[in-house]
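In: Provided below are the primary sequence and the corresponding predicted coordinates.
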Amino acid sequence: MGYVILFLGFAAAYLIGSIPTAYIFGRALKGIDIREHGSGNTGATNVFRVIGKVPGIIVLIIDIIKGFICATYLASGFMYLAPVVRPEMYRILVGLCAIAGHNWTVFLKFKGGKGVATSAGVVIGLIPKIFWLGFMVWLITFFITGFVSLSSIIAIVSVPIFTLAFGEPAEIVVFMCLLCLIIVYKHRANIRRLARGEEKRISFFKKR
C-alpha cells in the first residue's frame, strides 16, 4: 500500500507539471494558440515575445512554483503518508515527474515546454544555493548575449559542476546531470539557430 501512495505522488506531480500555463494565458488573454505563434514553444519566453512582458513573467513564476511545490510540499505530504523511500530520493523523483509533465504534458498531446522554469523550481526546493549560483550564471550570460536560450543552456551546464564542487550526494549530482541532458536536448532547435546566427535576442527594457 505504501508504494501505491508514493506512485500517486508521482502521478500528482506529473499532472501539476502538465498544467500548460503558457497555453492557458494565450487562450485567455489573446484567444490564440501560443503553439502557432512565435517559436511555437509553450514556455514563458514565447509568451513574453508574443503576448507581452507581464504575462511572460507571470507564466515564468507559475511554472517555477509548479516545480517548487512538487519537490517540497507535495513530496513531503506523500512521504508522510508512506515513508518507505528515502525523503531526498523521493523529492528528486517527484520533481522529475513535474518536469516531465511540463515538457510532455498530457493536456497538449504530450508536447510542452523546455522545462527550464519548472526545473528551476525543483532545484530551488532541493538545493537553493545551487539554484542561485546557476541563476547568476544565467544573468551574466543573458546580459552579455541577450539570448535566453544560450543563457539557459550555459546555466544548466554549470549546475552539475556546482553540485560536484560542493560535494553534494551522488543522487543529486546524477539528477542535475539528467536535467542538463533534458534541457540541452529540448533546446536543440535553438542550438541550430544559434549556430546559423538566426536566434532572436530578447530585451526586458525596450518597448514592444
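Out: Cool, the structure landed.

In: list the buried residues for the helix or strand of the chain with the lowest mean pLDDT?
Out: None of the helices or strands of the chain scores lower by mean pLDDT, DSSP states H and E than helix 75-81, at a mean of 87. Applying a neighbour-count criterion of 16 or more other CB atoms under 10 Å, the buried positions in helix 75-81 are 75, 76, 78, 79. Every residue, glycine included, has its C-beta placed from N, CA and C.

In: how close does the last one sit to residue 10?
Out: Right, the one you point to is residue 79. From residue 79 across to residue 10, the span is 12 Å (CB to CB, to the nearest Å).

In: show residues contacting the least confident helix or strand of the chain.
Out: With contact meaning CB atoms under 8 Å, 6 or more residues apart in numbering, helix 75-81 is reached by 5, 6, 8, 9, 12, 13, 85, 87, 90, 91, 94, 95.

In: how far off centre is it?
Out: 22 Å (CA atoms, centre = their mean, to the nearest Å).

In: just stretch 5-16 next, same as before
Out: Taking the mean of its C-alpha atoms, stretch 5-16 sits 17 Å from the chain's own mean (CA atoms, centre = their mean).

In: residue ranges with poor pLDDT in the chain?
Out: When the per-residue scores of the chain are filtered using pLDDT under 70, the ranges that remain are 1, 204-208.

In: tell me which stretches of it form helices.
Out: Remark: helices of the chain, listed N- to C-terminal, are 2-18, 21-25, 44-50, 53-69, 75-81, 87-103, 116-126, 128-145, 148-165, 170-186, 188-196; assignment by DSSP state H.
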